[in-house]
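Peer 1: Any chance you can model this:
(chains A, B and C)
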Amino acid sequence: MAEKGSPIVLEARGLTKRFPSVIANDQVDLFLRRGEILALLGENGAGKSTLMNMLYGLYHPDEGEIWIKGEKIALKSPGDAIARGVGMVHQHFQLVPVMTVAENVMLGSETTRRWGMLDARAAARRIRNLSQQYGLQVDPEAVVEDLPVGAQQRVEIIKALYRQADILILDEPTAVLTPQEANELFRIMRDLTARGVSIIFITHKLKEVLAVADRIGVLRRGRVVGTTDPKTATEASLAEMMVGRQVLLRVEKDDAKPGRPILQLNDLRVNDDRGHQAVKGLSLELYAGEILGVAGVEGNGQRELVEALTGLRPLAGGTVLIDGQDTTHFTPRQITELGVAHIPEDREKHGLVMPHPISDNMVLNRYYQPPYARHGVMQQEKIIADGEKLVQKFDVRTPSVRNTASSLSGGNKQKVIVAREFSHPTKLLIAAQPTRGIDVGSIEFIHKQLITQRDDGVAVLLVSAELDEILSLADRVAVLFDGRVVKQLPIEEATRERVGLLMAGSTEA
Amino acid sequence: MQAAGGLDKQFNKAMLWYWGRRGVALALVLLIFYSYWQNPQLTTGMLNAMLRQSTPLVLGALCGMLGERSGIINIGIEGQMLLAAFVGFMVAATTRSLIAGVVAGVLMGAILGLFLAFMAVSLKMDQIIGGTVINILALGLTSFFYQANQTIPGKLPIISLGPLADIPLIGSVLFRNPPITYLALILVFVVHYALFYTRWGLRTRAVGEHPRAADTVGINVYRLRYMNVIIGGAMAGVAGVFLSLESVGSFERAMTNGRGFVALAVMIFGRWTPLGAWGAALLFGFANALQTQLQFGGSLQIPYQFIGMLPYVLTIVVLAGFVGRSRPPAAVGQPYETE
Amino acid sequence: MANEPASSAPTNPLLVFLSRLWRSINVPLIAILLALTIGGLILILSSANPFAAYFALFKGAFGSLTSFGRTLEKATPLILGGLAVAFAFKAGLFNIGGQGQLVFGAIVSAYLGYSLTGLPFPLHMLIALLGGALVGGLYGAIPGALKTYTGAHEVITTIMLNFIALNITDYLSNGPWKDTGIVARTPAVLSSAAIPRIGQIPFGFFVAVLIAVLTWYLLYRTTIGFEIRTVGFNPHAAKYAGIKVSRTVILTMIISGFMAGMGGAIETLGVVGRYQPGFNAGLGFDGITIALLAQTNPLGVIPAAILVGAMQAGSSQMQFDARVPSQIIDVIQALILFFVSADAIVRWILRSRKTDEDKVTLSTGWGKS
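Peer 2: Numbering: from 1, shown residues only, chains lettered A, B, ... in the order given. Sure thing, here's the model as predicted:
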């Protein structure tokens, strides 16, 4: 652990970055000492990633200075940052899926012989050395897209070490890990700092900050609102700093009153885009008036499961019953008309048509029915009037429903989808990552809506990579691993540790 | 843990592909020898025609590949070839030097490559529209500046490679050709090697698959895309001067006849690899040679228009059968934004 | 346009209308001016006087009632060709196959026009017109089906189908449907199938304008139009919304081909009077320029087509008066296309920002979406 007197290796002075519609960073001051772990905490949209992208040379600050190892530097590109020993592990891994680990690691810092010929063997040797030295297990010959996310993350860290980085920026590295894997990452981080590497660790998870950081900086709306010591801080105090008001860490709800079975899955099998089976014989039951949380590390079949249930992806086997009706071969429209609402995982890809007005997006799956269409002609007045009502009711912040969906912020985009999906009679609600990447206010709002739906007798299937979200909302938890449900637990028995072990494939827990 | 069934199936498919291709190749070689035994003159002629007809296609495919491997769709190959053919011809006609014509045509191709890169990379224009601009512009400029009654001092000559050229069948097909036909063969192997075994190739493939990842390790995505599209343009330029200075020996309006588009199908059929594209180009070259043979051989009672359709029908069949089964570079067609 | 977002600045309805109009035509106008300027530079380079040339061009297009009639006559198939491209654009499809669909429409209408006998005037004309358009639509369905079922990109397949169409029509007009005599062409269509003129103005022009208006209504007021636009903007969301993407793609291509085919039929029945090889070559490319000049708006296609039609109608006058090869208009058209699509340049001149609604995405790779 770094001492108070360790030299400062990285410093930001008055960094400001403006985008057309927002000031992402406003006069940010920050420093990092040699060998310390600085945790940077902030909710989605607080400007953490923008700040890090400036320190890494991907964005160029509008104002302010960056000092690295006592030298003031204008970073023109990531190449400049790399040359000064800055390495970054991005939230979305920056790996080329079709290439091998070795190719990915050496890309940009290639070992070559004459005429620019690649020396793949030398590179593989160096990777093996690094991998042994730091206990980061990877196979240089493996193709990246075949690796699980945990291994991909190790490749990213090796990529930075290969370039001899001694300042490491980790952007939300635990988002894709089980609690146990996260602990393993923390061990590696401490190991690295013991060898003189300095780390900036970005997260919005309070527990992790308290577990691993030497010092904590909190970012809110693009400004540093304070730094604190993990020894004196508590989860509640951090949450308040982060959001600017008191936050209820626990969602309040009554006990569920489950009714008849609404969703019955029997031996469901679904293929992924590459034709490999991603859901491998999954069986589940979901009852009216309860929330079933599907926990699991991303990439264990969640996406394929949801797409199969909503008719977007054909089944490779098994049956789906919705409220007693066999929907195995139904189209998306038939399923919607049965009373199934769907909050899709990727709201910009599936949930909204960006260039369409908000009002059209509000009727995206009802546009062809009365009162929105008569004899094939769209009834614009009605569409706009109803859109205005929904914008009011669901607190979508926009000057007009005629504005395009692309003009909205992330949280408001999600509210448009929620408004649309909750505005018609529903038996089954499938919510995939419903609060990903949105601000705390919108998260609280959407959580309340989910509980309200449940209390109205809707069966809710909540698929989320945020374990805390599932533990606070669900009445039952089903843990997904490698395309199967490894265990179903009532919420009382679902502790973080137990679910974490199950997520990693353990069947003992 | 992997499902054994899936792997098995994949393995079987791979084996089928591997042995299937070898089987077809063997059958072809046997067929060629049989045909040579039956009619040496016709066979040599056909194979030679196949090789030469494939030359502009493989060059065009290399042009498309250099672009697509780094993420830029080049639908303007047709126009690049056409304008290069024209400029090469005009320069050769005014300077009375074929070499000057070749150089000018290749330069013209490179300039059009620069123009496409400017539209696609800097202006972030839709790449298909950018290519279409080049096609229409080339058609307009060549018609506007076209002058009848221009001639050039002959065509690029056939160069026989010494004793190699005297080997029966192989010698007269492979080693008795005009210079650009040789050049295309060399380029196929050079580009293949460069693409898969050099630093430039690794970076090119990374930029075409995941430009952001390349950017984050300090690779200049824009510069690499510019460079590749310009080099690609030069190759389309070579294809253009092949048409006007080596193959035909004059310039005709719209003389490219869709070859730039067929080249894209050749590239796809060849799975975005130079060697694969070469094989595909030979297939198309064979279809062309067959067409010429049938048209002038006069032994078949098929209207010539139906024979003339052959390469185009083949292109559609190839596209329909092979796209979707092989994977194009992931970032193809998308402009890259740094911020 | 129909879905313009409410702008915050002016509230006076007239001002609102004018500002919207300006915003929808500023890019094309500047693009035309830039293209004419560069075209003028090329003319100077080839030692011609650009002012004399442009003046002759204008005179040839609008100088008299006859020349104006010729401009509208040229504009008629261009409107339909432009609509075919613009309409397909709305579904995210780039139909470069207008040429092939057009020649099929032309030869089939010619065939129906000369081979059916004993039918009265409007009926025979309608049958020949719609028959040609329908065959154009069916020919357009091929690349649509290839795209949805095999993933073959329509840009290449439509171009290949153009070459195939040329060969087939060449065969028909030189074989089974050949007129007596040595020239390869079909017999002349009967007078009962001919599209008449109203004074100097060809009646077909009004048909084309009507189709443009109907296309606008279809796109912006009906559920089919909503489906087409949704598929064009985001096929994933369209699927999520329950729209059958493959059916929409094929339907769009059929309608697009129908319009191109009708362009060929009107030209045949109203102007040329028969089919012969070399018929209206280059219309497919003209359609692209017109569609983009119109910012893919069906109503904008009308003035854009009249502009291009005027250049075509006036080019012979220009060649005669100013001794400028008429092919300069092809160059100018290419430049217009460049500047309209390189709107980054024009917007930089105007200092205005691009809105999301203007976005058309075509280059989504070669695979299935």
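Peer 1: following the helix or strand harbouring residue A:470, which helix or strand shows up next?
Peer 2: Using DSSP states H and E, the element containing residue A:470 is helix A:467-473. Counting by DSSP H and E, the next helix or strand C-terminal to helix A:467-473 is strand A:476-481.
Peer 1: before we move on, back to that, so what does the helix holding residue A:470 touch, helix or strand wise?
Peer 2: For helix A:467-473, the contact count by 3 or more CB pairs under 8 Å, 6 or more residues apart in numbering or on different chains; DSSP states H and E identifies strand A:291-295, helix A:440-455, strand A:459-463, helix A:496-503 as packing neighbours. All C-beta atoms are positioned from the backbone trio N, CA, C, and that covers glycine.
Peer 1: who in the stretch 351-500 of chain A is up against chain C?
Peer 2: Selection of the stretch 351-500 of chain A residues close to chain C by CB under 8 Å from any CB of the partner chain yields A:351-357, A:360, A:364-365, A:367-368, A:373, A:376-378, A:399-400, A:402-404, A:406-407.
Peer 1: which residue packs closest to residue 269, ignoring adjacent ones?
Peer 2: Using chain A here. residue A:317 (3.6 Å; CB to CB, 6 or more residues apart in numbering or on different chains).
Peer 1: Chain C was what I was after
Peer 2: residue C:195 (4.6 Å).
Peer 1: if I look at that neighbour, how far off is residue C:189?
Peer 2: 10 Å (CB to CB, to the nearest Å).
Peer 1: Could you give the bridge partners of the nearest residue to residue A:340 once chain neighbours are set aside?
Peer 2: In space, and not counting its chain neighbours, residue A:340 is closest to residue A:428: 4.7 Å by CB to CB, 6+ apart. Listed beta-bridge partners, residue A:428: residue A:340, residue A:459 (assigned using DSSP bridges).
Peer 1: Give me the neighbour count for residue A:428.
Peer 2: As a burial measure, residue A:428 scores 22 neighbours (other CB atoms under 10 Å in any protein chain shown).
Peer 1: And residue B:165, by the same measure?
Peer 2: Residue B:165 is flanked by 17 other residues according to other CB under 10 Å.
Peer 1: try residue C:116
Peer 2: Residue C:116: 17 surrounding residues under other CB under 10 Å.
Peer 1: So which bits of the helix holding residue A:470 are buried?
Peer 2: Within helix A:467-473, the residues that count as buried by 16 or more other CB atoms under 10 Å in any protein chain shown are A:467, A:469-473.
Peer 1: could these be laid out in a markdown table, adding distance to residue B:22?
Peer 2: Supplementary listing: the buried residues of helix A:467-473 in a markdown table, determined by distance: CB to CB, whole Å:
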| residue | distance to residue B:22 |
| --- | --- |
| A:467 | 52 |
| A:469 | 55 |
| A:470 | 53 |
| A:471 | 57 |
| A:472 | 60 |
| A:473 | 58 |
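Peer 1: got those as JSON lines, with pLDDT columns?
Peer 2: Conversion of the buried residues of helix A:467-473 to JSON lines gives the following (pLDDT from 0 to 100):
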{"residue": "A:467", "pLDDT": "89"}
{"residue": "A:469", "pLDDT": "91"}
{"residue": "A:470", "pLDDT": "93"}
{"residue": "A:471", "pLDDT": "91"}
{"residue": "A:472", "pLDDT": "90"}
{"residue": "A:473", "pLDDT": "93"}
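Peer 1: returning to that earlier point: can you pull the contacts of the residue nearest to residue A:340?
Peer 2: The contact partners of residue A:428, by CB atoms under 8 Å, 6 or more residues apart in numbering or on different chains, come to A:262-263, A:286, A:322-323, A:338-341, A:458-461.
Peer 1: Please apply the same query to residue C:100.
Peer 2: C:139, C:158, C:161-166, C:284.
Peer 1: List just the one of the helices and strands packed on helix A:467-473 that sits closest to residue B:66.
Peer 2: Closest approach to residue B:66 among the helices and strands packed on helix A:467-473 (CB to CB): strand A:459-463, 42.4 Å.
Peer 1: Quick one: mean pLDDT over that closest one.
Peer 2: Averaged over strand A:459-463, pLDDT sits at 96.
Peer 1: repeat for stretch B:224-236
Peer 2: On average, stretch B:224-236 scores 97.
Peer 1: can you list the residues that contact it?
Peer 2: Contacts with stretch B:224-236, where a contact means CB under 8 Å, 6+ apart, come from B:59-60, B:62-67, B:69-72, B:74, B:77, B:80-81, B:84, B:106-107, B:109-114, B:116-117, B:120-121, B:187, B:203-204, B:207, B:214, B:260, B:336.
Peer 1: Pull out the buried residues from those.
Peer 2: Neighbour counting by 16+ other CB under 10 Å classes B:59-60, B:62-67, B:69-72, B:74, B:77, B:80-81, B:84, B:106-107, B:109-113, B:116-117, B:120-121, B:187, B:203-204, B:207, B:214, B:260, B:336 among the contacts of stretch B:224-236 as buried.
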